[in-house]
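> Have a look; sequence and predicted model below, questions after that.
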Amino acid sequence: MTLLAALAVAAASQRAHAQSLTDRYRPAAERIIAAALRDSAAWNKLAVLTDRFGHRFSGSESLERAIDWVLAEMAKEGLDSVRGEPVRVAHWVRGAESAELVSPRAVPLPMLGLGGSIGTAPEGITAQVLVVSSFDDLRAHAADAQGRIVLFDAPFTNYGATVRYRYTGAVEAAKAGAVAVLLRSVTPVSLRTPHTGSMGYDSAVVRIPAAAITVEDAMMLHRMQDRGERITVRLRMAAATLPDVESRNVVGELVGSERPNEVVVMGGHIDSWDVGTGAMDDAGGVVIAWEAIRLLKELGLRPRRTIRVVGWTNEENGIGGGRAYRERHAAQLERHVLAIESDGGVFEPVGFGFSGSDSARALLRQVVRLLAPIGADSLLAGGGGADIGPIMQAGVPGMSHVVDGTRYFWYHHTHADTVDKLNPREVAMNVAAMAVMAYVVADMTDRLPR
């Protein structure tokens, strides 16, 4: 290279560094956003996935058939390095279940057993109910809990605060001598719809069956107790935990043009609970990441670094996919530039949350400005997720895809989590947000600093 040529290259590099990421990538971002919003391709793909295969619970045939389909579709679209990476997953089965109010009047109670719960004997458990509002309330009335079914009627405040009753309620109730536990579903809004989810046991405490009932029924039973009425419920559950089985993480890539070994990884979880079709939680997260790299490929926008889409499996009841990914890619994690997780629904996008260095945050502020046309230009403090948590612990910067979550917990872990709850344009906007963020971070001249 001649001296003049070298000086020209150096000058061009200096100009590129001086130009903001916002200015440099605005033309590409505008192309991506326009292409994402031109049709309902992402929503249509999401509808096929959820309508055709239904729920995708860990250990189920429907999950494995859905994974086969996603891998086949990715391969048809010409994505790179399409593969299923083995994961050992938990295998809990619900079986037949029911709850009935026996007295003061006879009526079925809509219910869902909590994931991981033991079952009852075939004849079920029939016992008087003790309604409490909190763990402190239970401790204050522990003498009344012996031999009863304890119902936690804890109103929803926020998910983190309220979900503890779902996860540890069985342990606390068993300590007080209860024979089973019921939970007011963890939701701010209810149309007599029960919400399931994972629960836990303590090896030092006897295991008792655990199930969720509706907000309306929990409140009704509480009113009955306040009036001094004797409440009796019959609970039947055939739930069982079977040996772990083999499943897979779904992987597809857009391999980088210059630094293919450096990776931006993004996605959601391919599994769901065994109720509804898991459209919002979290087929939507998988599909928007998948559609993002398909769109980039279609537009001829191949970044310097590799963008890897992962549909992690077993997020709902074990995080097996996230842990398996960390173990499988442990030697390459130093070259993982950023991990982005979408697991909050695919409603109207707001932006991203980020956990990483201040210098990286300063660059990402420039990137999110590109998303102002779709209102997704916020960069919030704190990012991550259950599936990328294991690699974040190994030092990979983490990012959450953030949307308007107003309606998320209305449908979370219920029969109502179906594709009709999602707006095609909002889904497309989320494709645009994921595509722009991943593309710019994967293509910028210098690697995102840790």
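Nice, I can see it.
> ranges for the strands of the stretch 1-150 of the chain?
Using DSSP state E, counting those that start in this stretch, the strands of the stretch 1-150 of the chain run over residues 80-93, 97-103, 107-108, 111-113, 125-132, 149-152.
> Go through these and name the closest to residue 220.
Across these, residue 220 has its closest neighbour in strand 97-103 (8.6 Å, CB to CB). Just so you know, the C-beta spots here come from the backbone N, C-alpha and C atoms, and that holds for glycine as well.
> buried stuff in the closest one?
97-102 (16 or more other CB atoms under 10 Å).
> ok, residues contacting that strand?
106-113, 124, 126, 182, 211, 213, 217, 221, 230-239 (CB atoms under 8 Å, 6 or more residues apart in numbering).
> Skipping adjacent residues, who's closest to residue 313 in space?
Excluding its sequence neighbours, the residue lying closest to residue 313 (CB to CB, 6 or more residues apart in numbering) is residue 321, at 4.1 Å.
> so the one you found is in which element?
Counting by DSSP states H and E, the element that carries residue 321 is helix 320-328.
> which of the residues in that helix are buried?
Going by neighbour count (16+ other CB under 10 Å), the buried part of helix 320-328 is 320-326.
> Okay, angle between that helix and strand 80-93 too, please.
Relative orientation of helix 320-328 versus strand 80-93 (axes from the mean of the first three to the mean of the last three CA atoms, to 10 degrees): 130 degrees.
> Packing partners of helix 320-328?
strand 80-93, strand 240-254, strand 305-312, helix 389-393 (3 or more CB pairs under 8 Å, 6 or more residues apart in numbering; DSSP states H and E).
> Give me whichever of those is most buried.
Among the helices and strands packed on helix 320-328, ranked by average contacts under mean count of other CB atoms under 10 Å, first place goes to strand 305-312 (a mean of 29).
> That strand pairs with which strands?
Using DSSP bridges, the strands paired with strand 305-312 in its sheet are strand 240-254 (antiparallel), strand 259-269 (parallel).
> picking up where we left off before, mean confidence for the helix holding residue 321?
On average, the pLDDT along helix 320-328 is 98.
> following that helix, which helix or strand shows up next?
Scanning onward from helix 320-328 (DSSP H and E), the first element met is strand 336-341.
> how far is that next one from where the chain is centred?
Distance of strand 336-341 from the chain centroid (CA atoms, centre = their mean, to the nearest Å) equals 16 Å.
> Which residues outside it are in contact with it?
With CB under 8 Å, 6+ apart as the test, strand 336-341 has contacts from 262-268, 285, 289, 305, 329, 352, 356, 384-388, 391-392, 396-401, 434, 437-438, 441-442, 447-448.
> gap between residue 20 and residue 32?
As judged by CB to CB, to the nearest Å, residue 20 and residue 32 stand 18 Å apart.
> Over to residue 281?
26 Å.
> can you check residue 190 too?
The separation that residue 190 has from residue 32, given CB to CB, amounts to 39 Å.
> before we move on, what about residue 288?
Counting by CB to CB, the separation of residue 288 from residue 32 is 13 Å.
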